[in-house]
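Visitor: just coords:
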């Protein structure tokens, strides 16, 4: 039985894939659970159109990431924090604080959930954070942590 997956499913494939499964598995489990639809001619046309639109959207996202990469190369970020004795920070610097500083100082909006820090930042200094702008594009942003 040929089916089209409506969402990614373990060991079968990703959204939009057309796969062949046993008839009972498809009819009694995958289709009633809303994971797949039967691969008839109408559903195949819909799946092809969705794949074309997804490909166009992916190209646009990649182009946007490339443009953002060029802007980030010129950005300078300073995260201002409260500091105690010995240069220790109260708490630690989070990706959300870095994203807010980037937006305030450079007018660049980046999703803080795409940032990967090597570890907690608890002292004043210069650090790096990796930004995952796209599946294929990442950028290492240097930033400074300074007292208020």
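Guide: Great, that's in hand. Predicted model, so just to flag it, every value in this text is computed and none were measured.
Visitor: which residues are in contact with the residue lying closest to residue 123 once chain neighbours are set aside?
Guide: The spatial neighbour of residue 123 that comes closest, neighbours along the chain excluded (C-beta to C-beta, 6 or more residues apart in numbering), is residue 87 at 5.5 Å. No exception for glycine: its C-beta is placed from N, CA and C like everyone else's. Contact analysis of residue 87 by C-beta atoms under 8 Å, 6 or more residues apart in numbering lists 123-124, 147.
Visitor: who are the packing partners of the lowest-mean-pLDDT helix or strand in the chain?
Guide: Ranked by mean pLDDT, DSSP states H and E, the weakest helix or strand in the chain is strand 88-93, scoring a mean of 87. Helices and strands touching strand 88-93, by 3 or more C-beta pairs under 8 Å, 6 or more residues apart in numbering; DSSP states H and E, are strand 77-81, strand 121-123.
Visitor: let me see the mean pLDDT of the shortest one.
Guide: Mean pLDDT, strand 121-123: 89.
Visitor: which residues touch it?
Guide: 87-89, 91-93, 127, 145.
Visitor: what strands line up against it, and which way round?
Guide: strand 88-93 (antiparallel) (DSSP bridges).
Visitor: contacts for the partner strand next, please.
Guide: 79, 81-84, 120-124, 127, 145.
Visitor: next, the buried residues of the helix or strand that it is followed by.
Guide: Heading C-terminal from strand 88-93, the first helix or strand you meet, by DSSP states H and E, is helix 95-106. By neighbour count with 16 or more other C-beta atoms under 10 Å, helix 95-106 contains the buried residues 95, 97-99, 101-102.
Visitor: dump the residue contacts of the residue most central in space within the chain.
Guide: The centroid of the chain falls nearest to residue 114 when counting by C-alpha atoms, centre = their mean (5.5 Å). The neighbours of residue 114, taking C-beta under 8 Å, 6+ apart as the test, are 131-133.
Visitor: is residue 108 in contact with residue 73, as I believe?
Guide: No: using C-beta atoms under 8 Å, residue 108 makes no contact with residue 73, being 11.0 Å away.
Visitor: could you give me the average pLDDT of stretch 61-80?
Guide: Across stretch 61-80, pLDDT averages out at 90.
Visitor: good, wrapping up.
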